[in-house]
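**Student:** here are the coordinates; sequence isn't available:
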């Protein structure tokens, strides 16, 4: 069950997205990306995913500077979420901010 605290935290994250999350959301929102519906800051098993597509069972994680300091924790979190049959697409915030077209092309290759 989703904890109220995590849901509230996810809501706060939606209100204050990072620059790279804003860029990516502009591509993914309103089924604009290949007709798939994505959710922002979606809670699964007590963890908040940057973006999630239920029909693809695909999590998109944008790794910013903080992820360099929590590599072990991110790996553990990903393993737990993958037990639900969810695949991960990880991309750096720099890639999204510097060349969103290339980032989207990488994402398309794993979906199509």
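**Tutor:** Looks like it arrived, so ask away. These numbers come from a predicted model, not from an experiment.
**Student:** how about the helices in this structure?
**Tutor:** All helices of the chain, identified by DSSP state H, fall at 4-15, 19-28, 66-69, 71-82, 93-98, 100-111.
**Student:** can you say which of those helices is nearest to residue 44?
**Tutor:** Proximity to residue 44 (CB to CB) singles out helix 71-82 among the helices of the chain, at 5.7 Å. In this view, the C-beta of every residue, glycine as well, is placed from N, C-alpha and C.
**Student:** now for the closest one, which elements pack on it?
**Tutor:** strand 47-53, strand 58-63, strand 87-92 (3 or more CB pairs under 8 Å, 6 or more residues apart in numbering; DSSP states H and E).
**Student:** how many residues are close by residue 6?
**Tutor:** Using other CB atoms under 10 Å, the number of residues around residue 6 comes to 16.
**Student:** go on, residue 89?
**Tutor:** Residues near residue 89, counting by other CB under 10 Å, number 19.
**Student:** burial count for the closest residue in space to it that isn't next to it in sequence?
**Tutor:** Distance criterion CB to CB, 6 or more residues apart in numbering; nearest residue to residue 89, sequence neighbours excluded, is residue 60 at 4.9 Å. For residue 60, the count of nearby residues is 24 (other CB under 10 Å).
**Student:** residue 33 reaches residue 25, doesn't it?
**Tutor:** No: using CB atoms under 8 Å, residue 33 makes no contact with residue 25, being 10.2 Å away.
**Student:** quick check: chain neighbours aside, which residue is closest to residue 6?
**Tutor:** residue 43 (4.9 Å).
**Student:** just for this protein, where's the confidence low?
**Tutor:** 1-2, 65-69 (pLDDT under 70).
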